[in-house]
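Student: Build me a model:
(2 chains)
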Amino acid sequence: MKREAFTIQEESNGTIHLWIHTSNESMNVLNQSVLQELDGLLQELAQLRKARILFIRSGKPNVFVSGANIREIEKIQSQLTAKSLVTEGKKVFDKLADLPFPTVAVIDGVCLGGGLELALACRYRIATDNLKTRLGLPEVQLGILPGLGGTQRLPRLIGLQAALPLILSGNPIDARKALRIHLVDAIYHPEYLKWGIETFRKQVLHAPQKILRKRRQSMAALLLEGNPLGRMLIYRTAKKTILTKTGTHYPAPLAALQAVRKGYRRSLQRGMAIESRYFSRLAVSPVSKHLIRLFFTGQQIKKETYSHNLADVQKIQKTAILGAGVMGGTIAWLFNNHSVPVILKDISWKAVAQGFQSCRRAYAYLLKKGKLTPAEVDMRMLRISGQTNYTGFKRCDLVLEAIPEDLRLKKTTLQELELYVAPETIIASNTSALSIDEMASVLRYPNRFLGMHFFNPVNRMPLVEIIPGKQTSASVLASAVQLVKDLGKTPIVVKDSPGFLVNRILLPYLNETTYLLAEGAKAERIDKIMRDFGMPMGPVELLDEIGLDTAGKVVHVFSIQPKTQMESNGLLERILTEKSFLGRKNGLGFYRYRKGKKTGFNEAINLFVREVQYHQHISPRYLPDKEIRERLLYRMVNEAMKCMEEQLVASETLLDLAFIYGTGFPASTGGPLQYTHDLGHGNLLDALQRYQQRFGERFLPCQTLQHERHAQPRYRHAERDGIKSKHTHTH
Amino acid sequence: MQKRICIVDGIRTPMCKAGGSLQHTTADELAVYTVTHLLQRVGIEAGRIDEVIFGNVSMPVEAANISRVIALKAGIPSSVPGYTVQRNCASGMESVVAAARKIANNEGDLFLAGGTESMSNIPLLYNQRMVERFRGLMTKNRWKRMRSLLSLWLSFEQPVIGLEKGLTDPVSGLIMGQTAELLARQFQISRDEQDEFALWSYQKYLAAKAEHRFVSEVVPIPHKPGYDRFITEDEGIREDQTYQSLAHLRPYFDRTDGTVTVGNSCAITDGAASLLVTSEATAERMGFNPLGYLKDYAISALNPEIMGLGPVFACHQLFEKTHSTLNDYELIEMNEAFAAQVIANERAFASDQFAREHLGRKTALGPIDRDKLNVNGGAIALGHPVGMTGTRLILHTLKELRRRNLKKGLATLCVGGGQGFAVALEAA
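Tutor: The predicted structure follows:
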């Protein structure tokens, strides 16, 4: 058999090194053919008389095995294929586990998913404290579970309490943590690995009990896990954690927990079968398909540079931010936290101090989580400098303005700014709705200008909308995209259009909320319905979070553009006449807040609601849950489709990803456009037309829907056979 | 000096009374703010700097070789070296002169020089007995360890105040204020004269502040630990100082029959300052618009018990070296460690007898024209962060020369341990 992915190297003392180097570029990826090749190899190795110990090593730097081929999993359409795929893989790993001599996985780099499961099938594991070394089982993040023995071998090796977080969260750990939980038996510095392997070989051959003794669990862990009551407690806590973290929208963690629970006390063989069963159910579930599709979209964004020439990309080494409000301050934090020196300018020192405070608050969060020490924070804070004039701007590579959303103010500021920066300095605007081209019109060099829209709270929202204007140069766009990536955020390039993408889709949703309120729906109920759908917060809470004044400004910007004009029942406008109702920031909006915590509905709002009802002759009524959800959702997805018609972004998946990252729209649905496919465009059209007849033009279906009456939903089969039938199996 | 040494620009932090607004900012952090802003203001690449040289007296234990720490924390590339100088109260002047010497010697042509001191953060120390008990805790003998633990438990020893130790001359055993008392007695300077001088310093400072004369040399810095505001100007200075309130104070250093009070001495203060120092040729090449020039310097030494007379000796030496006379200088900044000490210098400058006995001159250096002396007030009003003051005097003299359209200035200070330091400056 021809060897492609593996090389065997034998030493005279009976040590065998099995080198992995699959055909993928920089990673080692397991797929069917690689596993087949391994299968044949293991058969040969089992026959080798003089073999005394086997080391499995990677032929590539900074990686052991990065996992299974996700494309293969994405293609799975039936439970049967899924089952046979993992069963075949398991057989190979079983062969590895059954080799007559000791086996050691040498992990010097990424070791995820199938890679870790391969390592788990070895008798021993050693790792390096290389910064790239990461061990984990990220499968649940793709809506599946570790199907090659991960849910069975891992708990048996390191105990339930250590194994469950790895399996259920999917978050990887580093080598030190892996040693602490005995996932690996020893760690070495990568530079000393050569000698480390030799030391470990001697230990394995001459005193294996020493290594095994270290794996013994602590007394406390044994006491808890050794009896059924303790285990029940562990499972129950794990389930609670899953439900509070992801709700019921993601079946994978719950299924993985079931697989562990059912298999743990049974024989390994039985456990493996149980795991395969749960895997095959998840593998065909629409949620998994959606998550995988989003994963690939994310990968695609990482690769996309928006430039054919890498020399175009200007490295951003010095930056400045105009406006030290909450946005300016936290963007300054983001730059600062990624070692980009930043000048924070505002008109007064008092305002600059507020920006510094926002920045320090963002650090307080990292301090609390133990990610940074106070000394490190102090040191980083030194790299932000405050200014009330343009000192130091001449040497900046990028200046971002985050001043109030007032077109005239922005224009004069930009004109002034241009006098103090070099001609090649990139100027970006963190506007959430104003036209980029309109702002660019006042600049002497409009080709250096673009929009970079960060989302609040900056430290948690992964999305940045990048909005090139008509004249923005390719290199400016590419540099901004690269900067956003360097900051650990996801850049999505959006066409210059009112509200860009995320706010554009969000606004009809918020607009419909005011109608629902006026018709008599309770704010708490609207919020709960949308939270149950999977939104991180309801629309009324969201309005408070954004700030009613800010929302009002965005509505105004939308209303002057024909494309985004929408009718309004005047509720928001009426509330805004009451100057003290600004939302969470001043503790009073639709809800009341005390010390940042919501304490209840703001009854005063009812006054405005009644006023609107009176003027527009609306008699309040009971609205069914379904109507509330549909009206909110359908207006949102209808707008998303309109954005696609206008080609605001390059592809549907990009739109879906952007909206999920920008608003927390449930990823399990695959995004607003995927949602329309799953619902069926025909069904959506019918519903919209029904609502259009009842409530008017704001439900006018988009062009696409009107044209393709007979579109079929995707994944309809998957949904039928998928996870929905879970309950019948679990009993 | 063979080459003309050019001071491109400089900046300082606000000065705040120790234990005040800057108490949570360490000495290195204070300096970082000035370095960052200075580089931004001048607009040069940090990698162009040849070396970072700061003066510092108390040398915080957590920032050994503080200049290196400052450079790295300010984001200056790690390839730029840095070392720290200590000449007590003249440390901040020594650093500038060190840079000048290197430039003259062709060992580089672009230096960040400055001074920094956080007197709030000078630690309290354990006395020797306490240290021995701690040492006892670390022995192997279990019985001994137990005994040390017990004795520690039972005793609350008075700590050694690092600040006080630092301000005491270890040879003569005199604390700085006591050396001022000696001068006051020797030159027969009355309490009234001292208080008047102190009040005058306050008045000059407040008048200058009202005219915003310090704005261009001060960089506002954030108030730690809360970052709740920026400190934009010097703090802790009594705005309503009166002759009566000064006269009301009791002598601090000689409680029986002394004249030196906390009111007519300099305050204990935190602050940092930095300058960009280069050669005239480089300044021209890089298109700087320099502040001025460091013409020459002189350092002299004397009996530590009368360290306050340092300026007289240093100036005499400087005049000889530069063939100049007191009258050539249009502004004189003499650090106000104590009112008595400045007045003593004035008398020594004007005295033929002193000149004959101590300087080997036939005639006096000349009376100091009070219209030229410390025109915007001095350390009595503003405070004296020991490692920083030297730099501040150079910076402020040059700024004030430029503002008044004058040319030549003299900055001088007395140095604890018995030294004097003087520099001749020229505005660009």
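
Student: quick one, what contacts the closest residue to chain B within chain A?
Tutor: Nearest to chain B in chain A, going by CB to the nearest CB, is A:Gly392, at a distance of 3.0 Å. Just so you know, the C-beta spots here come from the backbone N, C-alpha and C atoms, and that holds for glycine as well. Each residue near A:Gly392 by CB atoms under 8 Å, 6 or more residues apart in numbering or on different chains is listed here: A:Ala320, A:Ile343, A:Ser385, B:His37, B:Leu39, B:Gln40, B:Arg41, B:Gly43.

Student: Ramachandran angles for the fourth one?
Tutor: Yep, that's B:His37 we're talking about. phi -70, psi -30 (degrees, to the nearest 10).

Student: helix or strand for residue 270, which one?
Tutor: No chain was given, so I picked chain A. helix A:268-283 (DSSP states H and E).

Student: My question was about chain B, not that one.
Tutor: Counting by DSSP H and E, B:Asp270 is part of strand B:269-279.

Student: Show me how far stretch B:10-20 is from its chain's centre.
Tutor: Chain-centre distance of stretch B:10-20: 12 Å, with CA atoms, centre = their mean, to the nearest Å.

Student: from what I can see, A:Leu41 looks like it's in a helix, true?
Tutor: Yes: when classified by DSSP: H, G, I helix; E, B strand; the rest coil, A:Leu41 is found to be part of a helix.

Student: Quick one: residues contacting it.
Tutor: A:Arg3, A:Phe6, A:Ile8, A:Leu18.

Student: again with A:Phe454
Tutor: With CB under 8 Å, 6+ apart, A:Phe454 has these contacts: A:Met327, A:Thr330, A:Ile331, A:Leu334, A:Asn430, A:Met461, A:Val464, A:Lys489.

Student: how close does it sit to A:Gly328?
Tutor: 10 Å (CB to CB, to the nearest Å).

Student: Report the set of residues contacting both of the two.
Tutor: Joint contacts of A:Phe454 and A:Gly328 (CB under 8 Å, 6+ apart) are A:Asn430.

Student: all strands in the stretch 151-300 of chain B, in order from the N-terminus.
Tutor: The residue ranges that make up the strands of the stretch 151-300 of chain B, judged by DSSP state E, counting those that start in this stretch, are B:160-161, B:221-222, B:230-231, B:269-279, B:292-301.

Student: how about these, which one is nearest A:Ser84?
Tutor: Closest of those to A:Ser84 is strand B:221-222, at 63.8 Å (criterion: CB to CB).

Student: Pull the residues that contact the closest one.
Tutor: A:Ala353, A:Phe356, A:Met381, A:Gly386, B:Thr13, B:Pro14, B:Thr25, B:Leu30, B:Tyr33, B:Arg229, B:Phe230, B:Ile231.

Student: Which of these fall within strands?
Tutor: A:Gly386, B:Phe230, B:Ile231 (DSSP state E).

Student: in the sheet, who's paired with the last one?
Tutor: Residues in a beta bridge with B:Ile231, per DSSP bridges, are B:Ile221.

Student: and it, how many neighbours?
Tutor: B:Ile231 is flanked by 23 other residues according to other CB atoms under 10 Å in any protein chain shown.

Student: pretty sure it is touching B:Lys224, no?
Tutor: No: if you go by CB atoms under 8 Å, B:Ile231 and B:Lys224 don't touch, sitting 9.7 Å apart.

Student: how about B:Gln178, what does it touch?
Tutor: B:Gln178 touches B:Phe253, B:Asp254, counting by CB under 8 Å, 6+ apart.

Student: For B:Ala198, state which of the ones in strands among the contacts of strand B:221-222 is nearest.
Tutor: Using CB to CB, the ones in strands among the contacts of strand B:221-222 come closest to B:Ala198 at B:Ile231, 24.5 Å.

Student: pLDDT weak spots in the chain?
Tutor: I went with chain A, as the question did not name one. Scanning chain A for pLDDT under 70 picks out the ranges A:1-2, A:709-731.

Student: Wait, chain B was what I had in mind.
Tutor: Looking at chain B by pLDDT under 70, you get B:1, B:125, B:129-131, B:133-134, B:136-137, B:152-159.

Student: Under a three-state scheme, what state does whatever residue of it ends up closest to chain A occupy?
Tutor: Nearest residue of chain B to chain A, counting by CB to the nearest CB: B:Gln40, 3.0 Å away. Following three-state DSSP, we place B:Gln40 in the helix state.

Student: list the helices and strands the longest helix along chain B packs on?
Tutor: For chain B, the helix that runs over the most residues, judged by DSSP state H, is helix B:191-210. Counting contacts by 3 or more CB pairs under 8 Å, 6 or more residues apart in numbering or on different chains; DSSP states H and E, helix B:191-210 packs against helix B:243-248, helix B:339-350, helix B:379-382.

Student: Only the buried residues of that helix, if you could.
Tutor: In terms of neighbour count (16 or more other CB atoms under 10 Å in any protein chain shown), helix B:191-210 has its buried residues at B:191, B:193-202, B:204-206, B:208-209.

Student: hmm, back to that, buried ones in the helix holding A:Arg270?
Tutor: Those would be A:271-283, for helix A:268-283 by 16+ other CB under 10 Å.

Student: ok, the residue nearest to B:Met15 when sequence neighbours are not counted - contacts?
Tutor: Excluding the flanking residues, the one nearest B:Met15 by CB to CB, 6 or more residues apart in numbering or on different chains is B:Gly271, at 4.1 Å. B:Gly271 makes contact with B:12-16, B:22, B:30, B:116-117, B:383, B:385, B:388, B:392, according to CB under 8 Å, 6+ apart.

Student: hey, what's B:Gly271 bridged with?
Tutor: With DSSP bridges as the rule, B:Gly271 is bridged to B:Glu117.
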